[in-house]
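**Student:** Please find the sequence and the predicted model below.
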Amino acid sequence: MKSETLTIAADLAELARVMQMIDSFCAGTPGSAADVSSLHLALEEIVTNVITHGYGCDASRSFTVRLESTAADRIRAVVTDDAPAYDPLARPELDTQLPLEARPVGGLGVHLVKKLMDVCQYEHSDGKNIFSIERKLSSGAGSAATVHIATSRLESSATLSLSGRLDGLSSPELEQQVAGLIASGVRTLVFDLANLEYVSSAGLRVFIIAAKKLKAAGGAAHFRSLTPAVHEVFHVSGLLMALGVVPRE
C-alpha cells in the first residue's frame, strides 16, 4: 500500500503544500481530473477547518495529513490533529432546496466533503481528532493554479471573468473586488466562469454573499459558462437554482 504523510503548521499558507502533495500522489494512480479536484476540495475544507477553528490559526501548532492508496483504484486521506474534540459529520444535513434568501452563507464545507467522497469517518482517540475520507478513482489527473480575475464595467453593470482556482487563499481577493463594485454602484454583476477550474466552499461563500447583497439592493448576480468541475460543486451544493445559473453554452 502506497502512503505519504505531510506535517503542516496551522497556517492557511500550508494549503499549497497539501495540494501539491495530492497532485504528486495522484500522478501515479488512475485518478481523473475530477478525482484530483474532489480530493483538493475535500482536504481544503477539512484542513481549513482544523487551522481556523481547531487551532485558531496558531502557526506554532501542527498536524498531519496522510494519503494512502488502499487499492489500485481507491485513495484514502486521513487528517489527524490534537485540537479540541469536534465531529464535523455530526452537523445537521444541509437543506440544498432553500431559496437564496434563506440560504446560510456558511455550512457548505462538510456537505461538499460528504457528497464528493465515497467514505467519510470521524473518531476521537488518544486525545486526537481523526477524520478519514476515501474516494474511488476513475482515470486521468489534474493541475493547480491561482485565481485570475478580469473585470469589465459599463455604468451599473460589471462582468468578472474568473480563471484558475477559487479557494480559501484566493477568495478574499474576489470578495474585496465584489464589495468594491457593489459599493461603487454596480447592481448587475455577471460572473463568467468559463475558465474557472476549481471552487471550494470559500468561493461559494463569496458568490452567495454577492447574490444576497445585490438582490437586497434591487439588482442581481448572474453566473454563466460553468466548467464541468465547477458545475458539479454548484450542483451538489444546491446552488444551480438558488443562484439562477445560466447553462453552459
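**Tutor:** Yes, it's here.
**Student:** The helix or strand hosting Val79 - which strands sit beside it in the sheet, and in what orientation?
**Tutor:** Using DSSP states H and E, Val79 falls within strand 74-81. Here strand 74-81 is paired, per DSSP bridges, with strand 62-71 (antiparallel), strand 128-136 (antiparallel).
**Student:** And the contacts of stretch 118-129?
**Tutor:** For stretch 118-129, contacts defined as CB atoms under 8 Å, 6 or more residues apart in numbering pick out 50, 54, 76, 79-83, 85-90, 113-114, 130-136. In short, each C-beta sits where N, CA and C put it, glycine included.
**Student:** oh sorry, the question was meant for stretch 233-244
**Tutor:** 41, 94-100, 103, 108, 111-112, 115-116, 199-201, 204, 207-208, 211, 220-223, 226, 231, 245.
**Student:** So which of the residues you listed are in strands?
**Tutor:** Counted as lying in strands by DSSP state E, out of these, are 199, 220-223.
**Student:** Specify which member of these is nearest to Glu4.
**Tutor:** Of all these, Glu4 sits closest to Val199, with 25.9 Å by CB to CB.
**Student:** how close does the closest one get to Gly107?
**Tutor:** Applying CB to CB, to the nearest Å, the value for Val199 to Gly107 is 16 Å.
**Student:** neighbour count winner among the two?
**Tutor:** Val199 (30 against 15; other CB atoms under 10 Å).
**Student:** what residues are up against that one?
**Tutor:** Applying CB under 8 Å, 6+ apart to Val199 gives the contacts 165-167, 193, 230, 233.
**Student:** Not counting sequence-adjacent ones, nearest residue to it?
**Tutor:** Leu166 (4.6 Å; CB to CB, 6 or more residues apart in numbering).
**Student:** Show the backbone phi and psi for the residue lying closest to Glu134 once chain neighbours are set aside.
**Tutor:** Distance criterion CB to CB, 6+ apart; nearest residue to Glu134, sequence neighbours excluded, is Val119 at 3.8 Å. Torsion angles at Val119 (phi, psi; degrees, to the nearest 10) stand at phi -140, psi 130.
**Student:** Great, nothing more from me.
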